[in-house]
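Trainee: need coordinates for the below:
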Amino acid sequence: MPLTVISGWDIGGAHLKGALTNAQGQIIRCTQVCCPLWQGLDHLLQAFEHMKIQLGGIGDLVAITMTGELADIFKDRHQGVQLILECVEQFFSPMPVYVFAGTQGFIPLGHASKYIKSIASANYLATSQLAARHWDQGLIIDIGSTTSDLIPCKAGKPHPQGKNDHTRLISGELVYSGVIRTPLMAIVQQAPIEGRWVRLAAEHFATTADIYHLLGWLPKGVDLYPSADHQGKSPEDCARRLARMIGADSQQESFSSWRKLAFYFAEQQCQQLTQAIFQVLSRINLKPEAPIIGAGIGRFLAIECARRVHRPYVDFAEILKMSPHIPINADHAPAAAITQLAWEQLQNTHC
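Mentor: So this is what the prediction gives:
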């Protein structure tokens, strides 16, 4: 019987994201679970089991991509990829597994050790390969919980300048700025409150999740980790953590003052991303009508960035082949992309 059902797994350093197709290649599940990889590889194996339950199965073939090799439990990225692949083999054997190696395509797990450099942090290429087939030109902006990827596409192909995390950080194509886990002290060093500038505490008192919970912009169910103080995530809780960033208690100012402060942090993060967009666009000639293609749980910021750089906005979800019974969204774009690409390219691999 032909192979018909495929699952795709995007292994990050903080989350595991997965997607599953039906027999027609439509994505019927796409979700994420916590995976604190920095605490040990046993957490990855636990996340695999949890994701298997969330997806309702793993299908006939598994496709893998990753960024988790950067976790600081590994001595270097090479070891990180190797040990993650060992966990993959341990959990999924004897299921056929293919590992995404960017421009090298899908590699059988048994041969993956020869392609470690291409496998490392290649998930953004899955997203951009799928997008580039639909939009001849454009700039993909995938804004996640921790990082943002900016990948230009031209002539129907991805055109990243950076080839790894280091060179992508230099090129502006990788920005360590996300809408959940980024400490506010990483965005600005001072902030305005009641007409005065106040230097921020260099402490992990609050994160970007606090500003977007306070503003009501975060999609439901995407903030899976405890807050910085392991307390609640109500607007009042978030205001309390914001107040700590300026050495204050939330009762010292009105609630509207803390909302204004949250708007300021959101503005500064949007400026971070817009500056990276201008850097990327400065080296590649895209037509004025080439769109910003938004993906990730923070794509509400991509919509604003598109306005600022005077380009149309389109949503990555437009090209996902989703079951009509589930909401179409691009919250976990690499997981959805690798699943769709694998279903198209590996459909008859194990007939």
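
Trainee: please point out which parts of the longest helix along the chain sit buried.
Mentor: Longest helix in the chain by number of residues (criterion: DSSP state H): helix 255-281. Residues of helix 255-281 classed as buried by neighbour count (16 or more other C-beta atoms under 10 Å): 257-259, 261-262, 264-266, 269-270, 272-274, 276-277, 279-281. Just so you know, the C-beta spots here come from the backbone N, C-alpha and C atoms, and that holds for glycine as well.

Trainee: do the same with stretch 279-293
Mentor: Neighbour-count burial for stretch 279-293 [16+ other C-beta under 10 Å]: 279-281, 286, 290-293.

Trainee: for stretch 6-19, same thing?
Mentor: By neighbour count on 16+ other C-beta under 10 Å, the buried set for stretch 6-19 is 6-19.

Trainee: list just the nearest of those residues to residue 37.
Mentor: Proximity of the buried residues of stretch 6-19 to residue 37 (C-beta to C-beta) peaks at residue 13, which lies at 4.9 Å.

Trainee: which residues touch the closest one?
Mentor: 35, 37-38, 67-68, 70-71, 146 (C-beta atoms under 8 Å, 6 or more residues apart in numbering).

Trainee: try 10 Å this time
Mentor: Taking C-beta atoms under 10 Å, 6 or more residues apart in numbering, we find residue 13 in contact with 35-38, 66-73, 80, 146-147, 181.

Trainee: tell me the mean pLDDT for whichever helix or strand comes after the longest helix of the chain?
Mentor: Downstream of helix 255-281, the first helix or strand assigned by DSSP states H and E is strand 292-295. Rounded to a whole number, the mean pLDDT of strand 292-295 is 98.

Trainee: strands of the stretch 151-300 of the chain, residue ranges please.
Mentor: Remark: strands assigned in the stretch 151-300 of the chain by DSSP state E, counting those that start in this stretch are 157-158, 174-175, 190-193, 196-199, 292-295.

Trainee: I'd like the distance between the most centrally placed residue in the chain and residue 258.
Mentor: The chain has residue 144 as the residue nearest its centroid, 3.6 Å off, counting by C-alpha atoms, centre = their mean. Counting by C-beta to C-beta, to the nearest Å, the gap from residue 144 to residue 258 is 25 Å.

Trainee: which residues touch residue 124?
Mentor: 65, 67, 102, 140, 142, 147, 149-151, 158, 160, 162, 168, 173-174, 295, 333-334, 337.

Trainee: inside helices: which ones of these?
Mentor: Per DSSP H, the contacts of residue 124 map to helices at 168, 333-334, 337.

Trainee: dump those to TSV, plus neighbour count.
Mentor: Listed next are these as TSV, based on neighbours: other C-beta atoms under 10 Å:
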residue	neighbour count
168	21
333	34
334	30
337	31
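
Trainee: related to what we said a few turns ago, among the contacts of residue 13, name the ones in strands.
Mentor: residue 66 (DSSP state E).

Trainee: among the contacts of residue 13, which one sits closest to residue 305?
Mentor: For the contacts of residue 13, the closest approach to residue 305 (C-beta to C-beta) belongs to residue 147, at 15.2 Å.

Trainee: which stretches in the stretch 1-150 of the chain count as helices?
Mentor: Counting by DSSP state H, counting those that start in this stretch, residue ranges of the helices within the stretch 1-150 of the chain are 41-55, 77-92, 116-119, 123-134.

Trainee: quick check: which of those helices is buried the most?
Mentor: The highest average neighbour count among the helices of the stretch 1-150 of the chain, using mean count of other C-beta atoms under 10 Å, belongs to helix 123-134 at a mean of 24.
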